[in-house]
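Q: build me a structure from this.
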Amino acid sequence: MDNPELAVVGLTCNVVGVFFLANSIRFREPRKALQDALGVESRSLLKVRDTALNNMQVMLGFLFLTTGFLLQVVAQWNMELTTLLLCLGIIVVAGAVYAVGAYSSRRAFRKMLREFFRSQPWSFQDDMELTKEIGEALGVPHGKDMTVEAYVHSVQKALGVQNQPRPSSPAERARRIALPGR
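A: Next up is the predicted model:
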């Protein structure tokens, strides 16, 4: 028996699933994307910031698409549902799941930043644009009267790397390696 209401609910799930899939851009592991973004090539967090969110959107998209297709199969059976309320419920649940996912992906991103900068030395004063991005991601406030050193210290404190040594240049490392007795 055909149940057009359940088929409409299934199609609504499909639309929500396609929305999540369309919003996801990257399929890389977030830590790898962070290392790539902070490596030699591009030194910007813009490519990395939403990687965890995109991964969550891919999973949600497939979940909703699968649910939608299954509901369309079940629609062939005779089931009574209030179609409009169920469709609205799906949209509300999708919005709530998205909000929770967006919040948790921001937390995961901050955690990855802290792990990355704790694992290797970094000169925050050499690239103030990137330092500002990191500060914004961590919620570090900066004012016009704040010195560069004070802001860098605040960012380092938020990352948990206050006393980290300044990285040396390749020339300095070569000179230290070449010194006798070392």
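
Q: where does this structure have low pLDDT?
A: For the chain, the stretches flagged by pLDDT under 70 are 1, 25-33, 35-50, 76-81, 83-84, 163-182.

Q: show me it divided up by domain.
A: 1-112, 121-182 (automatic domain parsing).

Q: grab the longest helix from the chain for me.
A: In the chain, taking DSSP state H as the definition, the longest helix is helix 83-119.

Q: now do the buried residues in it.
A: For helix 83-119, burial by neighbour count (16 or more other C-beta atoms under 10 Å) applies to 83, 86-87, 90, 94, 97-98, 101, 105-106, 108-110, 112-113, 116-117. No exception for glycine: its C-beta is placed from N, CA and C like everyone else's.

Q: do stretch 144-155 as well
A: Residues of stretch 144-155 classed as buried under the neighbour-count rule (16+ other C-beta under 10 Å) are 151-152, 154-155.

Q: which other residues reach that stretch?
A: 124-125, 128, 131-132, 134-135, 138, 140-142, 162 (C-beta atoms under 8 Å, 6 or more residues apart in numbering).

Q: separation between the closest residue to residue 161 other than its chain neighbours and residue 147?
A: Spatial nearest neighbour of residue 161, chain neighbours left out: residue 117 (5.2 Å); criterion: C-beta to C-beta, 6 or more residues apart in numbering. To residue 147, residue 117 is 21 Å away according to C-beta to C-beta, to the nearest Å.

Q: how about the helices in the protein?
A: Taking DSSP H to define them, one finds helices in the chain at 4-23, 30-37, 51-74, 83-119, 128-138, 148-159, 170-178.

Q: tally of neighbours for residue 73?
A: 12 (other C-beta atoms under 10 Å).

Q: list the contacts for the residue nearest to it when sequence neighbours are not counted?
A: Leaving out its chain neighbours, the residue that sits closest to residue 73 by C-beta to C-beta, 6+ apart is residue 10, at 7.9 Å. The neighbours of residue 10, taking C-beta under 8 Å, 6+ apart as the test, are 67-75.
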